[in-house]
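Asks: Sequence and predicted structure, then a few things I'm wondering about:
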Amino acid sequence: MIVGARPRLQQIILEIWKPLTILFAWDVAVTIFHRFMPIKEPALPVALFGTAIALFLGFRTNAAYARWWEARTLWGALINASRSMARLCRNVLPAGPEAEAIVLRQISFAHAMRCRLRGQDPTEDIKRLAGKEAAEVAAERTNRPNALLEDMSRIVSGARTDGKIDTIQQSLFERVMIDIANAQGGMERIKNTPLPNGFEFMPNFFTRLFCVLLPISLVETLDLYTPIGSTLIGMIFLAALRIGQDLTDPFANTVHDVPLSTMCRTIEIDLLESLGRKGPGPLPPVAGTQW
Amino acid sequence: MIVGARPRLQQIILEIWKPLTILFAWDVAVTIFHRFMPIKEPALPVALFGTAIALFLGFRTNAAYARWWEARTLWGALINASRSMARLCRNVLPAGPEAEAIVLRQISFAHAMRCRLRGQDPTEDIKRLAGKEAAEVAAERTNRPNALLEDMSRIVSGARTDGKIDTIQQSLFERVMIDIANAQGGMERIKNTPLPNGFEFMPNFFTRLFCVLLPISLVETLDLYTPIGSTLIGMIFLAALRIGQDLTDPFANTVHDVPLSTMCRTIEIDLLESLGRKGPGPLPPVAGTQW
Amino acid sequence: MIVGARPRLQQIILEIWKPLTILFAWDVAVTIFHRFMPIKEPALPVALFGTAIALFLGFRTNAAYARWWEARTLWGALINASRSMARLCRNVLPAGPEAEAIVLRQISFAHAMRCRLRGQDPTEDIKRLAGKEAAEVAAERTNRPNALLEDMSRIVSGARTDGKIDTIQQSLFERVMIDIANAQGGMERIKNTPLPNGFEFMPNFFTRLFCVLLPISLVETLDLYTPIGSTLIGMIFLAALRIGQDLTDPFANTVHDVPLSTMCRTIEIDLLESLGRKGPGPLPPVAGTQW
Amino acid sequence: MIVGARPRLQQIILEIWKPLTILFAWDVAVTIFHRFMPIKEPALPVALFGTAIALFLGFRTNAAYARWWEARTLWGALINASRSMARLCRNVLPAGPEAEAIVLRQISFAHAMRCRLRGQDPTEDIKRLAGKEAAEVAAERTNRPNALLEDMSRIVSGARTDGKIDTIQQSLFERVMIDIANAQGGMERIKNTPLPNGFEFMPNFFTRLFCVLLPISLVETLDLYTPIGSTLIGMIFLAALRIGQDLTDPFANTVHDVPLSTMCRTIEIDLLESLGRKGPGPLPPVAGTQW
Amino acid sequence: MIVGARPRLQQIILEIWKPLTILFAWDVAVTIFHRFMPIKEPALPVALFGTAIALFLGFRTNAAYARWWEARTLWGALINASRSMARLCRNVLPAGPEAEAIVLRQISFAHAMRCRLRGQDPTEDIKRLAGKEAAEVAAERTNRPNALLEDMSRIVSGARTDGKIDTIQQSLFERVMIDIANAQGGMERIKNTPLPNGFEFMPNFFTRLFCVLLPISLVETLDLYTPIGSTLIGMIFLAALRIGQDLTDPFANTVHDVPLSTMCRTIEIDLLESLGRKGPGPLPPVAGTQW
């Protein structure tokens, strides 16, 4: 996630300079061609075409933003549930190794989830926090975060069998774990379900076609100003296209990602401090990007 | 669900080449007719007509996408609840045949639900997983998934009668089953309730009428360029129409379906591994389509 | 709810032929008048007017569709809760008359709700299912479905007093009844709260005014084509108006209703089968309409 | 809330005749001025201006309708929770004075909430229903509905201390009270949070400015038809403005209010009948308005 | 949050007079330049450009308003949960120091949350309400509100260990604390996640560019009226831009903030009165602004 006001313009130019250059070159080419061979250009219904494309882009941008914000909200739900889990561990479980084991697995769960979404290996993080044994339990399963969650449930169950908590208190833990499972499932849903075919391909295709046709249609009225007028309009459509593309996959390990690493760190700080340990500092942005 | 960037263009051409050809042929015919019999064409208010249709298409596409995404979300809820059910079976129920029986019925439930939505027979899948007896219990009822859910509830009830769990733990199971019943009901709602009459028929009718009138209205200004200009505008409206149609019934057993088979496999993997068994591998896409 | 692809066009023509004929007659009249008395028509800003009306119609259609879909979703919630209620009756209550009494009242509740929304008398249905006594209990109260729900709660309470279930299991039943009460309240909200005055009256008034002014404004440019061009544009606005009207009251006992009878039958089938009885067959559509 | 089809037109004319007259007078004045001093009017970009205003009005109307509908939904939630509370009182509490005391306070809560939102004094209603003592308890506190809710909680707590219910049943009551507190908070949120400054002021200002400029811009093309054409367009924008204004504060004690009195009466009927008493009849609309 | 009808216009002028003056100066400059050097201006497709920008602004305003309203709703949820917490303390806990300690920490939580969002120091408020000890507990942790919540949970846990409540009643408290943790997480989400880069930068850039190009494009048709026409259109776009900017960060300690201080005071009044103490009066608006 890009933060801070300054690097924004630079960031954006970096991202769209290539299509912008191509667009401008094409607009100039059409203008030059028109100067030397002033054939009568067809009065294509560009306005109607532009309106139709704006409609398409509108849907895409809307849907993409909703995905991005839902992704952030689901991670927020994971943060909330992590804190609730730590609060229960500290105040419902009697003092003992169980509380710490659960809280450390909860932090590991967040890291495992981040790695699952970004296609990375969580082993080191799990080992560092919850120990080698927990990392092995997770590694045995296709779905590592789910394995960690089941392991937490197992520890709670053991505490109940040992008479440290009763079944009502066990229910409290299980209820929070259901919230965590729901957050996990939502993240996987966004990761595994791209926008429908038509929402991806159509705006891409029609916007580019529009940029190609635009100077041809404008050159007769704008003449030498064509490159300016045409590039300007084209730029705004390309920018809208780009924004939609950036937001559509919020777990793609790009600068437009929902800041998973930062949120994992937040969980780590809050939960370690809940255990009475010292947490690490918050994760600073790197070159204007919060990872 | 179509995945992968490459087969998309091909896929789309495959789907709209027929209406596109008809559209182009009509545009050419109008142009030729105009060349030989240049009668004065009426200046139909095409822009106003196009705007009104865009409004209609907008509603339809919006509603269709919302249905598709809700369908996916409901299946996500089923995945989440399945995992929670498995976690409870493993950690709340004492070791014994009940846990396995419930988890296997839960996997069967997903398959039965998939078959119910796609109009297929789930008997083989239920038999393979939960055994012949469970398949027979399901077959006796009109609503097989519901029968399986009641059977799971029966096993939990038995465990409570046997004193293996108390009523609080039974409540935990029943609460997850309420979530599952809610997901099932939502899926059936989308399956059994088509978009209202007007949302289906009107865009279809008016978009096609628009495509018929478009060249007649443009031919006088565009002349020989009519087929290009008219087909271009028509194509974008037909594409929007098509996208809406594809998304409106996400359980129709077409390439645009929410990937039910893949999600059933996900449930199967996660739940079998939770039982300590080896799950099958994930379902690969077939020719760019995730079923 | 209208189903099936064929009767749709017929259905729609049936519904809008009257305004369409009036519209066409008016368009022809204006054209003829113009031929004989070609006074200069004012260049009314029809496009701006049309855009403003489209905005109005947009809001109305959106709000109406949201009401219709929420109505369907609330009935879906009632179906889900009914199944959960039956599951609890079968597996939480010990065998005995209570389970059957509750399930039969639950089916009656759905019928009573349907009748309440459509202004019909539920007595026969309640008698047929839950017996004369339950019908009398319901008839004593202004709000019959609520009376049935309280009666179900009374039976559960009796089972607890008799020691057949404990207070935790009673809570489970009461929790499902809270869901049912919420669904009921939502349905009554949609039934008793029409769209705001302005959302109903304004689109009606302005759309018709627009249809009256349209040919006057177009006749000078379209001349003899006026009836065609004007009727076409008018038709699309009238259709949008109509769709909004049809959806706005989903419990009005018209062909556009959410299919209450069908859903009551679904509940009846699923719940009777849960009791081990034979349910009736599903309700077929009548002349393309699912009631 | 305005109900019934007939008084609607009358209602609307009553509400907008004043701005409409001013608008028409201005349009006539501009036209007359133009006849005598036909200076060249500037070709202001009215269409672009109108589109931009439509955008503003669109947001406002959307947000206002969402507030109105949420207000109605929150009152619906209060109705639902009231019925659930009565059901619990009747079937979970043993026969005794507590049940009646709680139900009567619940009805009083609805009246107190209505009065709080409309700036009225609830003392009479609370006295009439729950007695002088409850009215005094409420009067001691700034937030009277909350005081009544705490009083209900106190009675439930007493029943538990007396051993009439156990802590599980107490939880059931408290859970419903949490729903009630959430509904109350939501209503206060809508009451205390006006739409943002810009959403209120901007559409007001620009729409009126637009109405002032419109005839100046149209008079050259429309000439004598200016008052008709300009008033027509202006009217539709003023109407949209008005609708937004009416819906934005649904608890303002105007005819556009969500019908609080009617809903309080619904609660009174349902809950008194649940106590076995005779409820009053439903509140009829007064001159086409449901209060 | 700005309240009251009068200071609104003044407020708005105060906020946009600077860009408005620059805009007007530029428009005048272009007009004068055109009078002295009437070169042929290019007919830039301003309408298409304006429509595209309106689309962008539309998304931004929508997303910003949704953030603002969600922020208010989350604080509403905190108010609701605070009241529920106080109700539980009074009626579930037996008389004793615990109830008061929890309620005072709950009020402190709200103040701590306000300070966290606005970057202020909550120590004084916590000390004043919950005592020095609670302030120290909070100060030890990075996340002070969370520390207070854990402290409340600790007191509840102590009451259970002392046998003053059972585990079911403890669950009730923990359930409300989960709601509080969810509200806290949501507020932090809005605070820490700015709108995506493109939603912030693009409308800013393109709207200003549009304002620069507008007079150049209009000057030939409007001539001397250019400054009026161009400033008018520009003003409406700048206003839309501004509204979005104001709402996008509802916790920025500006006049457009969600009124955190006022809501903290509401919680303080309601909860202190619930303890039987006298609450302070409500916070009056300062110069038309509710803080």
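Replies: Structure's in. What do you need?

Asks: For A:V137, grab the count of nearby residues.
Replies: 18 (other CB atoms under 10 Å in any protein chain shown). For glycine as for every other residue, the C-beta is placed from the backbone atoms N, C-alpha and C.

Asks: and if you look at A:P97?
Replies: By the measure other CB under 10 Å, the count of residues near A:P97 is 10.

Asks: With A:R277 instead?
Replies: 11.

Asks: Now do the SS call for it.
Replies: Here A:R277 is recorded as coil under DSSP: H, G, I helix; E, B strand; the rest coil.

Asks: could you give the mean pLDDT of the host helix or strand of A:L247?
Replies: Using DSSP states H and E, the element containing A:L247 is helix A:226-248. Looking at helix A:226-248 alone, the average pLDDT works out to 84.

Asks: so what does the helix or strand following it touch, helix or strand wise?
Replies: With elements assigned by DSSP H and E, the helix or strand that comes after helix A:226-248 is helix A:260-274. The helices and strands touching helix A:260-274, judged by 3 or more CB pairs under 8 Å, 6 or more residues apart in numbering or on different chains; DSSP states H and E, are helix A:46-91, helix A:97-118, helix E:144-161.

Asks: tally of neighbours for the residue nearest to A:A54 when sequence neighbours are not counted?
Replies: What sits nearest to A:A54 in space, not counting adjacent residues and going by CB to CB, 6 or more residues apart in numbering or on different chains, is E:L55, at 5.5 Å. Neighbourhood size, E:L55 [other CB under 10 Å]: 21.

Asks: got the phi/psi numbers for the most centrally placed residue in chain A?
Replies: If you average the C-alpha coordinates of chain A and look for the closest C-alpha using CA atoms, centre = their mean, you land on A:P250, 1.8 Å from that point. Here is the backbone geometry of A:P250 (degrees, to the nearest 10): phi -80, psi 0.

Asks: Could you find the closest non-adjacent residue to it?
Replies: Using CB to CB, 6+ apart and skipping the chain neighbours, the partner closest in space to A:P250 is A:A71 (4.0 Å).

Asks: Which residues of the stretch 51-200 of chain A lie near chain E?
Replies: Of all the residues in the stretch 51-200 of chain A, those in contact range of chain E (CB under 8 Å from any CB of the partner chain) are A:51, A:54, A:57-58, A:61-62, A:65, A:68, A:72-73, A:76-77, A:79-80, A:83-84, A:86-88, A:90-92, A:165-166, A:168-169, A:171-172, A:176.

Asks: now the residues you listed: which count as buried?
Replies: Buried subset of those (neighbour count, 16 or more other CB atoms under 10 Å in any protein chain shown): A:51, A:54, A:57-58, A:61-62, A:65, A:68, A:72-73, A:76-77, A:79-80, A:83-84, A:86-88, A:90-92, A:165, A:168-169, A:171-172, A:176.

Asks: And the residue nearest to A:P250, how close does it get to C:A77?
Replies: With distances defined as CB to CB, to the nearest Å, the gap from A:A71 to C:A77 amounts to 27 Å.

Asks: swap in A:L14?
Replies: Distance check for A:L14 against C:A77: by CB to CB, it reads 49 Å.

Asks: And for A:R72?
Replies: A:R72 sits 28 Å away from C:A77, going by CB to CB.
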